[in-house]
Structure formats: C-alpha cells, structure tokens
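In: no sequence on this one, just coordinates:
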C-alpha cells in the first residue's frame, strides 16, 4: 500500500482534475525538455501511448508534480495550478 501523501493525493484525483493538472503543469513551463515532451504526449495521446522509458519518466518526474498543497489554511491537496481547495475557496 502506498503511504506517500503526495502519491496518494495524485491517485485520488478525478480524471478531469488530473487532465487540468497536466495542462496547468504544461502551461507553467517548469519541466525540462524530456519530461515536458512526455507530458505533451500524455496530454495529446494518453498514457497508453508511452514507451516503457517514457512511462518511467512520467512516473519519476511528472506524476507527483500533478498535485500541490492548498493555498488556504488546510492541509488538503489540489491539482497543480489550482490555488485553493473547494472548502478554502468558500466565502461566508
């Protein structure tokens, strides 16, 4: 069982959240050439299109970058590029 909180948070992303995080990470331009190319391929062709070497790059250099800590007072994770979780975004 995976107990790394970042890995668990990434695995718990809904498909649409994961897609949003991939696009946000791509737009941020923070990845070096090889991971950036792998990410673009995943966005356009899906994970199944990756070779075993590309999949290793995705797993080791991209996957855990798809989540980040919420910018609010909680300890929740959000998709990369999203400032706050739903609860912290509510205004009363």
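Out: Thanks, I have the structure now. In this text, all values refer to a predicted model and were calculated from it rather than measured experimentally. Numbering: from 1, shown residues only.
In: what does the helix or strand of the chain with the lowest mean pLDDT rub up against?
Out: Within the chain, confidence by mean pLDDT, DSSP states H and E is lowest for helix 86-89 among all helices and strands, at a mean of 85. The contact list for helix 86-89 (CB atoms under 8 Å, 6 or more residues apart in numbering) reads 70, 71, 72, 73, 74, 76, 83. Glycine gets a C-beta too; all of them are placed from N, C-alpha and C.
In: in the protein, where is pLDDT below threshold?
Out: Residues of the chain meeting the criterion pLDDT under 70: 1-3, 91-92.
In: so what's the residue nearest the centre of it up against?
Out: The centroid of the chain falls nearest to residue 66 when counting by CA atoms, centre = their mean (1.3 Å). For residue 66, the contact set (CB under 8 Å, 6+ apart) comprises 10, 13, 18, 21, 22, 25, 79, 80.
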